[in-house]
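In: 3D model of this:
(chains A and B)
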Protein chains: 2
Amino acid sequence: MSLLIVGSLAYDAISTPFGNVDRILGGSASYASLAASLFTPPTIVGVVGDDFANESRKLLLEKGIALDGVENAVGKTFFWEGSYGHDLNTAVTHKTELGVFADFSPTNFSRFEEFPLIFLGNIDPELQYAVLEKARSSSPFVALDSMNYWIETKREALEEVISKVSLVFLNESEIRQLTGDYFLPDAANNILQRGPQIVVVKLGSYGAVVFAKEDRFVLPSYLLDHVVDPTGAGDSFAGGVMGYLAQQIASGKDPREAISFATVQQAVVQGTVVASFTVEDFGPQRLATVQLQDIQSRRERYRNLTNWE
Amino acid sequence: MSLLIVGSLAYDAISTPFGNVDRILGGSASYASLAASLFTPPTIVGVVGDDFANESRKLLLEKGIALDGVENAVGKTFFWEGSYGHDLNTAVTHKTELGVFADFSPTNFSRFEEFPLIFLGNIDPELQYAVLEKARSSSPFVALDSMNYWIETKREALEEVISKVSLVFLNESEIRQLTGDYFLPDAANNILQRGPQIVVVKLGSYGAVVFAKEDRFVLPSYLLDHVVDPTGAGDSFAGGVMGYLAQQIASGKDPREAISFATVQQAVVQGTVVASFTVEDFGPQRLATVQLQDIQSRRERYRNLTNWE
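Out: Below is the predicted model of the structure:
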């Protein structure tokens, strides 16, 4: 019971040059929790509608993911329809139906204080802030993801919540838009000066760059022969990072003290490897069948592919 | 006397968001030879016009670069004018004046057979092929760079020369355009089946991927705080790779036998580090002042930035 994941549970319709699916489990909390579950049993806070299938619930429960923070509301589950062209780094959104997510308040959950690590998936920064307020006074290690939409529509709220978290995940265009800085080190320093200890800039298929005040780490993505569907890659990456960090923290320790840059380095390697499985099939189908030993052996191949003396 | 570089010597007018220069030494052979000269004294085959400044000549000679293969023709030196927006990975060409390069024939040079390694910079593939024909019968290790323009206008000639070289440098969009394959491993395998032993896919600021039949290596670029002008980065990278390879080959050895994948790995690391200096100032100004010890110490920082256990 160490990692809480707040985010969306959804159904997605996805089209890529390699096929399409009409309705498959999606949402930031689904991907992040499936990824994290390889390392630690996470708890989700979110909401689903009355169309949420038992099969989806079963899939999550079988991975040891606790759903007692998931509200069952009357109405439809969040639905997203999107497509990718050959540039798999850019999704085009065709439809977003918030459904029960429109009135969602994560603060109905009452056990925030039990979790030393919290991942705030990409949701309204006002909801992210409400969770932070309810999290334990000893201030756990909170990580946040966001997106251009919130930077454009709720910049102040987003800036407020960013100033209170330990780790920020953003992609290149998001961090540039948020900070106004073109070069990633400038943009990351801008964020680091607002409070967070770690900034992870996601580069899609090109990997990621990790910034702390005194340290930096650059890693390419795992080279796959083929990618089928990039949906959920960023959430899986973040979930893998957070799951690994949660696994490393001995219970009772303050994670803000216990998480060294070397641990974050290992965590982003694990997150990169986890995300490389996600994109091999539509939705979370491949991610849901991955075992820890698959992660371990691909991590070795990844090391051979990227390391040099 | 081990590395021959065939390519353009030029003057460039460059504009980036960080400033501009009216007329600065450029061209694939200039950048590649300056980069290679850190490891081995290269010889250039190319052509300049009567406006080619003594100062430019002196800069190259001082670096140990042999210019006896550089023709002095009547007319103007190749001139390129281009600009970059904030996406420093994409140049916009405003003007290309071939000048004396229009009638250039590299085959006026008579000592091709002396060089075990040849780098064919981005020029007309028919000229590249003519050089190959004149190179020694023991078939030296030849590397080639090209660009979209030649894929569009001289595909057959380019495919012919590619089938005869050992190493191919192309960027992502070029290799996709040439092969019709979207995924880099497919595209690289396509090229490897035509003859070359090694394919290096350049990813601009994201690094590079190296493919051989049985081996792959992925490396991000060196993380710089700021980039001023990306002109020449690709040519410096290739020149650094070829210079390092030339340095590793004991004289008399067949480089095609002597160059292992591990050596290529080290070479692309060196090329990456060399190119990271090039982009720190306009034109080759920074590259021209770099010393081998700068390369060595940045290589160490690069290793710390990217390697993990």
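
In: check contacts around A:A10.
Out: Shown in contact with A:A10 (Cβ atoms under 8 Å, 6 or more residues apart in numbering or on different chains): A:25-27, A:30, A:77-80, A:101. (Glycine included, C-beta is placed from N, CA and C.)

In: mind checking how far it is from chain B?
Out: 28 Å (Cβ to the nearest Cβ, to the nearest Å).

In: which residue sits closest to that residue, ignoring its sequence neighbours?
Out: Leaving aside its sequence neighbours, A:A10 sits nearest to A:G27 (Cβ to Cβ, 6 or more residues apart in numbering or on different chains; 3.5 Å).

In: Next one, pLDDT for the one you found please.
Out: Looking at A:G27, its pLDDT reads 97.

In: How about A:S137?
Out: Here the pLDDT value assigned to A:S137 is 63.

In: circling back: since we're on the residue nearest to A:A10, how many residues are nearby?
Out: 29 (other Cβ atoms under 10 Å in any protein chain shown).

In: Now for it: which residues touch it?
Out: Going by Cβ under 8 Å, 6+ apart, A:G27 touches A:7-10, A:12, A:46, A:78, A:121.

In: How about A:L287?
Out: A:31, A:34-35, A:232, A:236, A:274, A:277-278.

In: near chain B, which residues of chain A?
Out: A:17, A:86, A:182-186, A:203, A:206-207, A:209, A:216-220, A:223-227, A:265-266, A:269, A:303, A:305-308 (Cβ under 8 Å from any Cβ of the partner chain).

In: If you count neighbours, what's buried in the worst-scoring helix or strand of chain A on mean pLDDT?
Out: Ranked by mean pLDDT, DSSP states H and E, the weakest helix or strand in chain A is helix A:255-258, scoring a mean of 83. Going by neighbour count (16 or more other Cβ atoms under 10 Å in any protein chain shown), the buried part of helix A:255-258 is A:255-256.

In: cool, and stretch A:66-83?
Out: Per 16+ other Cβ under 10 Å, stretch A:66-83 contains these buried residues: A:66-67, A:69-71, A:73, A:76-82.

In: what mean pLDDT would you report for that stretch?
Out: Stretch A:66-83 carries an average pLDDT of 96.

In: What distance separates the opening and closing residues of that stretch?
Out: Stretch A:66-83 stretches 31 Å from its first residue to its last (Cα to Cα, to the nearest Å).

In: before we move on, back to that, make TSV from the contacts of A:A10 and add distance to B:F141 and secondary structure to it.
Out: What follows is those, written out as TSV (distance: Cβ to Cβ, whole Å; DSSP: H, G, I helix; E, B strand; the rest coil):
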residue	distance to B:F141	secondary structure
A:L25	52	strand
A:G26	50	strand
A:G27	52	coil
A:S30	51	helix
A:T77	59	coil
A:F78	57	strand
A:F79	57	strand
A:W80	51	strand
A:F101	60	helix
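
In: What is the nearest of these to A:W150?
Out: A:W150 lies nearest to A:F101 out of the contacts of A:A10, by Cβ to Cβ, at 14.2 Å.

In: For stretch A:238-253, C-alpha coordinates in PDB please.
Out: Output of stretch A:238-253 as PDB, limited to C-alpha atoms (Å, rounded to 0.1, in the frame of the first residue of the first chain):
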ATOM      1  CA  ALA A 238       5.300   7.400 -15.600                       C
ATOM      2  CA  GLY A 239       3.500   4.400 -14.000                       C
ATOM      3  CA  GLY A 240       6.600   2.300 -14.400                       C
ATOM      4  CA  VAL A 241       8.800   5.100 -12.900                       C
ATOM      5  CA  MET A 242       6.400   5.500  -9.900                       C
ATOM      6  CA  GLY A 243       5.900   1.800  -9.300                       C
ATOM      7  CA  TYR A 244       9.600   1.200  -9.300                       C
ATOM      8  CA  LEU A 245      10.200   4.200  -6.900                       C
ATOM      9  CA  ALA A 246       7.500   2.900  -4.600                       C
ATOM     10  CA  GLN A 247       9.100  -0.500  -4.600                       C
ATOM     11  CA  GLN A 248      12.400   1.000  -3.500                       C
ATOM     12  CA  ILE A 249      11.100   2.900  -0.500                       C
ATOM     13  CA  ALA A 250      11.300   1.000   2.700                       C
ATOM     14  CA  SER A 251       8.000   1.500   4.600                       C
ATOM     15  CA  GLY A 252       8.100   4.400   7.100                       C
ATOM     16  CA  LYS A 253      10.900   6.200   5.200                       C
END
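
In: Can you name the residue of chain A nearest chain B?
Out: A:Y206 (4.1 Å; Cβ to the nearest Cβ).

In: Which residue ranges of the stretch 201-309 of chain A form helices?
Out: Using DSSP state H, counting those that start in this stretch, the helices of the stretch 201-309 of chain A run over A:233-248, A:255-258, A:261-278, A:292-306.
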